[in-house]
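[1] Sequence and predicted structure, then a few things I'm wondering about:
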Amino acid sequence: MSDANIPQTLSHTCRNGETFAIAVRVSSRLRAPQIKLDKGQFIFVVPAWLRRSDLERTLPQIRLFVENNADKAKAQLVRLAKEKSSHAQEQTFPSSYTYTTHSGIVCMVAIRRSTRARKVTITLKNGRFELVVPTWASRETFSSLLPLTHNFLEKWAAKPTNLLPREQRKPEGEIPNSLTYTCKDGRQITVGVQISARARYVRIKLISGRFIIVVPKGIRKKVLDEALPNLYSWLERELPTAEQPQKHESLPPEIAIPLLHKNLPIKVDNTYLNATQRLSELTPSSLCITMKMNTESICAILHNDVLEIYGGGQDLFFQVMALQYWCQRAAEHYLPPILREVLQQNSLPDVVISIRDQSTRWGSCRKKAGVMPSISLNWRAILLPEKLIRHLCVHESGHLLHMNHSPAFKQAMQKMEAEARELEKELDKAWQKLPWWAVHKRYLKNTV
Ligand SMILES: [Zn+2]
């Protein structure tokens, strides 16, 4: 009854003369003997309680199974052998090789197999040589091509700094990705540093509770260091704003649309179907948006000076998006006439106007020969006082004359609007004052 009574292998010679080995395994969980074919190998699994005599009795059945599945086993073995040999070929492909230059520098070259590569190519990236070899290339092709890489290696290894990782190659005084500022009360704050091709001077901004220092591309670290004391004193002043609770449990009770000289109370009804009556009364000038996300729908309608939001289940951020899109709809309604008026007053040509969801700016202007110029305004401008909306329109209209922020541009703005300079500063600051829901990132881009 012990395992010793059960042989570890059996064999069976088929009628065609071929002999197959049958591995015998003992299983304590199995109730009855079992024969199977796995990867070209016959395996006979027997319960632990099985006695030799019981085994003998099952043998005819086993032999029959082997006889019937002999061809299948052979096919499996052939396929396995093939796979193994291709795998072996893969194995003979090294993952790297070294080359010693004439001047004695040892270059380590990583080898990467690529299904997309058309030819063998060598690159030097971030101090690391890499040889890309198409998967179809055989070991022989690869070996014959290797000498071709030597010129490349000689050339690039000649300058030792090339072989250092980029971080180490940078001269000291490079602009860091972030800075740590220790507040007056001892806490440490990580301040992001953003390099911008558009920025003209070093400044600091606060976006969604995070401080970010924007530096013009290509400036020296010294310039940033010199600006830091000023930036940090601004940070210290704005700290309370940054620390306003980031968690919001509900929509605001009302939103201010200064342009309409009133605050619109917000009424939320989680059931979309309750909007049916309102939706049936819509007219083309109704300020209404409807959105759909998976199975949930939501709509926002201005009705008797109350902004009614229906649906969205309990999902606050779905409701936030509805509020944002409603504001965008209101912006599309109210902002273009103001921009057109500014253009007319200043005898400027007509433009294509769009209201967009820019995440960092109030507006933009595009001009191209032969195409009607276009001006995009950020929908969030609908939340600004009228004088700032007008100023934004003046700013973007000014770009029709000057596509930059040069003194000539500022002069043109001044001509259109006497207090342009003060308003410009106020507009810059207004972004920080936007309510949390207006700067919350959208995760759904299409409305229905
Ligand atoms: Zn501008």
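    Perfect, thanks for sending it. Numbering: from 1, shown residues only.

[2] any idea how far the residue nearest to residue 112 when sequence neighbours are not counted is from residue 265?
    Once flanking residues are discounted, residue 112 sits nearest to residue 132: 5.2 Å by Cβ to Cβ, 6 or more residues apart in numbering. C-beta coordinates here come from the backbone N, C-alpha and C atoms, glycine included. Using Cβ to Cβ, to the nearest Å, residue 132 is found at 63 Å from residue 265.

[3] These two: which has the busier surroundings?
    Under the neighbour definition other Cβ atoms under 10 Å, residue 132 and residue 265 were set side by side, and residue 132 has more, 17 against 13.

[4] can you list contacts of the helix or strand harbouring that one?
    Element membership for residue 132, per DSSP states H and E: strand 128-134. Contacting residues not belonging to strand 128-134 are listed as 93, 97, 107-115, 117-124, 142, 149, 153, 156, 165 [Cβ atoms under 8 Å, 6 or more residues apart in numbering].

[5] Any idea how far it is from the middle of the chain?
    Put simply, strand 128-134 sits 27 Å off its chain's centre (Cα atoms, centre = their mean, to the nearest Å).

[6] re the thing from before, please name the bridge partners of the residue nearest to residue 112.
    Taking DSSP bridges as the rule, residue 132 bridges to residue 112, residue 121.

[7] Next, count neighbours for residue 357.
    Other residues close to residue 357 by other Cβ under 10 Å number 14.

[8] so who does it touch?
    Residue 357 is in contact with 324, 328, 378, 379, 442, counting by Cβ under 8 Å, 6+ apart.

[9] same thing but at 10 Å, please
    Applying Cβ atoms under 10 Å, 6 or more residues apart in numbering, one finds that residue 357 lies in contact with 324, 325, 328, 376, 378, 379, 380, 441, 442, 445.

[10] PyMOL command for the buried members of the contacts of strand 128-134?
    A single PyMOL command selects the buried members of the contacts of strand 128-134 (16 or more other Cβ atoms under 10 Å):
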select buried, resi 107+109+111+113+120+122+124+142+149+153+156
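
[11] Filter the contacts of strand 128-134 down to the ones in helices?
    Among the contacts of strand 128-134, the residues falling in helices (DSSP state H) are 142, 149, 153, 156.

[12] so how far is residue 292 from residue 280?
    According to Cβ to Cβ, residue 280 and residue 292 sit 18 Å apart.

[13] of these two, who's got more company?
    Counting neighbours by other Cβ under 10 Å for residue 280 and for residue 292 shows that residue 292 has the greater number, 15 against 7.

[14] which residues does that one form a beta bridge with?
    Here residue 292, judged by DSSP bridges, has bridge partners residue 297.

[15] so how far is residue 312 from it?
    Taking Cβ to Cβ, one finds residue 292 at 11 Å from residue 312.

[16] and what of residue 322?
    Taking Cβ to Cβ, one finds residue 322 at 6 Å from residue 312.

[17] Find residues that contact each of those two.
    With Cβ under 10 Å, 6+ apart as the test, residue 322 and residue 312 both reach 251, 268, 291, 293, 297, 298, 299, 300.

[18] now these in CSV, with pLDDT, distance to residue 33 and neighbour count?
    Shown next, in CSV, are the shared contacts of residue 322 and residue 312 (pLDDT from 0 to 100; distance: Cβ to Cβ, whole Å; neighbours: other Cβ atoms under 10 Å):
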residue, pLDDT, distance to residue 33, neighbour count
251, 87, 69, 19
268, 93, 69, 19
291, 81, 64, 20
293, 63, 57, 18
297, 83, 61, 19
298, 88, 64, 26
299, 91, 68, 23
300, 94, 71, 28
